[in-house]
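Trainee: Would you be able to build a 3D model of this:
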Amino acid sequence: MGSLSRTCIKCGEEKPLYEFPVMLKMKSGRSVKCRDCVEYDWRVFEEHCIEKKRRPQ
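Mentor: Numbers count the residues shown, from 1 in each chain. So this is what the prediction gives:
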């Protein structure tokens, strides 16, 4: 490998490898999205779930 940086597929920024969460299923052992993008996706998902629970059925 040898690469100490990677480009996030979501934001397109090149960041150091330690900015990408560990994901053992990936060949490189790191996620393809940076920590900031992963956290943002989780916040959006949680807000969506909260809104879904609030809606009357």
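Trainee: contacts for the lowest-mean-pLDDT helix or strand in the chain?
Mentor: Here the helix or strand of the chain ranked lowest by mean pLDDT, DSSP states H and E is helix 35-54, holding a mean of 91. Residues outside helix 35-54 that contact it (CB atoms under 8 Å, 6 or more residues apart in numbering): 8, 10-11, 19-21, 31, 33. Yep, even glycine has a C-beta here, placed from its N, CA and C like the rest.
Trainee: mind redoing it with 10 Å?
Mentor: With contact meaning CB atoms under 10 Å, 6 or more residues apart in numbering, helix 35-54 is reached by 8-13, 15, 18-21, 23, 31-34.
Trainee: Are any of these buried, and if so which?
Mentor: Neighbour counting by 16 or more other CB atoms under 10 Å classes 8, 15, 19-20, 31, 33-34 among those as buried.
Trainee: In strands, which of these appear?
Mentor: Lys15 (DSSP state E).
Trainee: Check the buried ones among the contacts of helix 35-54 and tell me the two furthest apart.
Mentor: With CB to CB as the measure, no two of the buried ones among the contacts of helix 35-54 lie farther apart than Lys15 and Ser31, at 11.4 Å.
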